[in-house]
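S.K.: dropping the sequence and predicted coords here.
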Amino acid sequence: MDLEIIVKEVCRVAEKAGSFISREAARFSSDAVVSKAYHDLVSYVDTEAEKIIVEGLSGIIPGASFHTEEETSAREDGEYTWFIDPLDGTTNFIHGVHPYSVSIALNHRETTIIGVVFDITAHEMYRATKGGGAWMNGKPLSVSDTSTVDKGLFATGFPVRKFHRLTEYMKCLEYFIRSSRGVRRMGSASVDLAHVACGKYDGFFEYGLNPWDILAGALIVREAGGSATDFRGNSDSLTGEEIVASNRFISDEVINIVKGFMITE
């Protein structure tokens, strides 16, 4: 299997879905919004973009399974599995706020081997293959060389449904606000991770996500020389429930800070 050939095909699929999303943004009405759950929004744009992606990916690896946010495909339990978020940042899209993105990851069993994040609003295509480095619009990526947290700029995402860890999270957020150059909340976890990979951010942390939100971005961070783990520092089998990413120089410090606030048992 030639991962470089496959990742280029995945990028074309992501761009096709992104073009559809961009066209719909110009005429989108909030009347098309449906609530899947409390503060969990979806529209026809999400579902149609997902169908475009599933159709485009289906011929790349015949028999591969799919885990998709909008559940437009029921193919599961294959050796190879696609994880798809057709519109990461749906709330941003609905309100006309940037960024929003397409996120696609390919796992071979438990290992992510391809990651693609297409920042639709900036027209930036981030991609990585396991062992093959990370790239944005054809240019190689590298995490920042910031060596201390106090000189770093960080990103996070606020919980929108799972508030059971909110007290711990707010203490953690306060620490980074007080101890760094700032914290940003942009509303698309996959873009946040891509920005860690290219050195715009020095770190990112969030809880309560899903695999399709973070697997592509986590691989891109790692292939750019950074770290992506859960709050305990484990890098295997990320689920999205916990994610902390940073450059390699401050990774231990950032993990320990987040762990200290978020792991209470």
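M.R.: Nice, thanks for sending it over.

S.K.: low-confidence ranges in the stretch 1-150 of the chain?
M.R.: 29, 31-32, 34-42, 72-77 (pLDDT under 70).

S.K.: where exactly do the helices run in it?
M.R.: Along the stretch 1-150 of the chain, counting by DSSP state H, counting those that start in this stretch, helices occupy 3-25, 44-58, 90-95.

S.K.: the residue nearest to residue 30 when sequence neighbours are not counted: what's it in contact with?
M.R.: The shortest distance from residue 30 to any non-neighbouring residue, by Cβ to Cβ, 6 or more residues apart in numbering, is to residue 94 (6.3 Å). Bear in mind the C-beta positions are built from the backbone N, C-alpha and C, glycine included. Counting by Cβ atoms under 8 Å, 6 or more residues apart in numbering, residue 94 touches 28, 30, 33, 41, 43.

S.K.: kindly report the same for residue 238.
M.R.: Contacts of residue 238 by Cβ under 8 Å, 6+ apart are 211, 214, 215, 218, 228, 229, 230.

S.K.: the last one against residue 240, yeah?
M.R.: No - between residue 230 and residue 240 no contact is recorded; they are 9.5 Å apart, counting by Cβ atoms under 8 Å.

S.K.: tell me the SS of the residue nearest the centre of the chain?
M.R.: Taking Cα atoms, centre = their mean, the centroid of the chain lies closest to residue 190, which sits 2.3 Å from it. Three-state assignment for residue 190 (DSSP: H, G, I helix; E, B strand; the rest coil): helix.

S.K.: residue 196 now?
M.R.: helix.

S.K.: what is the burial count for the residue lying closest to residue 67 once chain neighbours are set aside?
M.R.: The spatial neighbour of residue 67 that comes closest, neighbours along the chain excluded (Cβ to Cβ, 6+ apart), is residue 83 at 5.0 Å. For residue 83, the count of nearby residues is 24 (other Cβ atoms under 10 Å).

S.K.: tell me if I'm right that residue 83 and residue 114 touch.
M.R.: No - assessed by Cβ under 8 Å, residue 83 is found out of contact with residue 114, at 10.2 Å.
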